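1. Need the 3D shape of this:
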Amino acid sequence: MNLFENGFFFYKDNELWCEGVPVKDIISSTGTPAYIYSKNFFISSLLAFREAFAGIESEIFYAAKSNFNLSVIKTFVQNGAGVDVNSAGEFYRAIKAGAKPSKMILTGVGKNAEEIKLGLDHDVLMIKAESREEVESINRIALSLGIKARVALRVNPDVDANTHPYISTGLAENKFGIRIEEALDIYRSHKDYPGIDFTGIDMHIGSQITTLSPFIEAVERLTSLYNKIASMGIPLQHLDVGGGIGVRYSDEEPFSIKDFAAAITPIVKKAGATVFFEPGRFLTANGGILVTRIEYTKTNGNKTFYVVDSAMNDLLRPSIYSAYHHVQPVTLSSKETIKADVVGPVCESGDFFAKDREIYKSASGDLLAIMSSGSYGMVMASNYNARRRPPEILVDGDKFTVVRNRESYDHLLFDEEGLMA
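-> This is a model prediction of the structure:
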């Protein structure tokens, strides 16, 4: 059985480390379950992305939906990234983390009037519109405020990203974006929207894309559309290719960021525009783990179960996507492997992290690391079964900081107790 290591999470003397700290030392302080992040993984991933596209004028906007911990957002902001926010809540968190609205993009397929007004009041760099009615709504609100809204249309290029259907966003059957023909009609009618300054054209075809061909096809369509719009005399300024770059969870062989840059740079150069990127998973997924403790081992016939203290409410991806996360021991005490299910305590058959998985033999009390959990982990966590969400820890070199405490039982009640009927 192979172990998942990447230079920021690695084994030394049979112990899993995050940067310069043994994971077991962190857990002895915080308890389990707990999310642990590598700050320098985040930084190195951002720098690698920026370096790959050094040959063109570009901007990187961190997709906060992948991991909206304040310290994680702050890490990217302090290293020069903008932020892509998908709701008023993400906007609020980004501002608290130090992001400037002038380097923020407000996205989302169903932004309400309050969110649109929030973006306009703070003069965000751009609002991304995904329907004609939304364009009309932005125009109306902007006029009521006596300002012009900077807007880009998100088009649906109708390209199959060959990814899980729940995270595919670029096909005509998906809810996202505007058909290319309709987008062209809206741009042609730009004078009908005096409250809007159309500044760009955008797309996002899906998530966890591991082959280059969907990107190449979609970027070619987007660049062609950009040039058609420019020929109408509409001076757009940017071309946004979104995010969605796949990462390795198991045995995937995703393209490198250098290969991505080499493939699309010659295409986007035809537009002569600033290119925007909105990576999330690429920057965070393999920079985090969820550490859990085995409470019990049990067998039902030929089936072995490791019942752990983390659950689907902590990490939902395996339950809703059948997503693979490598599971490995924090301490390598045995080289013997067995087949087992790694399951949580929640009262759902879908509460699992691994099924029929070859795993190193472990025992009650042992710590397991669920790898590649830095993206779409804590952000999708819930209080199902009235479980407290875990803490988040950020490691920087040989130091670690708890950047979000474990929830208390009082936190679960909020102000509900005082409102009981």
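
2. Pretty sure residue 101 sits against residue 124.
-> Yes - between residue 101 and residue 124 there is a contact under C-beta atoms under 8 Å: 4.7 Å. For the C-beta atoms, the positions are set from N, CA and C on the backbone; glycine is no exception.

3. how about the longest strand along the chain: buried residues?
-> If you go by DSSP state E, the chain has its longest strand at strand 288-300. Across strand 288-300, burial judged by 16 or more other C-beta atoms under 10 Å covers 288-294, 297.

4. what's next to it, contact-wise?
-> 9, 18, 23, 26-27, 32-38, 67, 304-310, 314-315, 330, 345, 362-375, 377, 390 (C-beta atoms under 8 Å, 6 or more residues apart in numbering).

5. Please flag which of the residues you listed sit within helices.
-> 23, 26-27 (DSSP state H).

6. Now do the helices in the stretch 151-300 of the chain.
-> If DSSP state H, counting those that start in this stretch is used as the criterion, the helices of the stretch 151-300 of the chain fall at 180-188, 212-231, 257-268, 281-284.

7. which among the contacts of strand 288-300 end up buried?
-> Here, 16+ other C-beta under 10 Å leaves 9, 18, 23, 26-27, 32-38, 67, 304-310, 314-315, 330, 345, 362, 366-375, 377, 390 buried among the contacts of strand 288-300.

8. For residue 48, see how far away residue 213 is.
-> 22 Å (C-beta to C-beta, to the nearest Å).

9. who touches residue 68 in this structure?
-> Residues in contact with residue 68, defined by C-beta under 8 Å, 6+ apart, are 90, 93, 379.

10. which other helices and strands contact the helix or strand bottoming out on mean pLDDT in the chain?
-> The weakest-scoring helix or strand in the chain, judged by mean pLDDT, DSSP states H and E, is strand 178-179 (a mean of 90). Packing partners of strand 178-179 (3 or more C-beta pairs under 8 Å, 6 or more residues apart in numbering; DSSP states H and E): strand 149-156.

11. strands paired with the strand it packs on, and their directions?
-> strand 126-129 (parallel), strand 178-179 (parallel), strand 196-202 (parallel) (DSSP bridges).

12. what separates that strand from the chain centre, distance-wise?
-> 21 Å (C-alpha atoms, centre = their mean, to the nearest Å).

13. and what of stretch 413-420?
-> The mean C-alpha position of stretch 413-420 is separated from the chain mean by 32 Å, C-alpha atoms, centre = their mean.

14. That stretch spans what distance, first to last residue?
-> Length of stretch 413-420, first residue to last, C-alpha to C-alpha, to the nearest Å: 11 Å.

15. Could you list the low-confidence segments of the protein?
-> 160-176 (pLDDT under 70).

16. wait, what's in contact with the residue nearest the centre of the chain?
-> The geometric centre of the chain, computed from its C-alpha atoms, lies nearest to residue 66 (C-alpha atoms, centre = their mean), at 2.1 Å. Counting by C-beta under 8 Å, 6+ apart, residue 66 touches 280-281, 283-285, 375-376, 379.

17. Any chance of these in a markdown table with distance to residue 195 as columns?
-> Shown next, in a markdown table, are the contacts of residue 66 (distance: C-beta to C-beta, whole Å):
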| residue | distance to residue 195 |
| --- | --- |
| 280 | 30 |
| 281 | 35 |
| 283 | 34 |
| 284 | 36 |
| 285 | 39 |
| 375 | 36 |
| 376 | 35 |
| 379 | 33 |
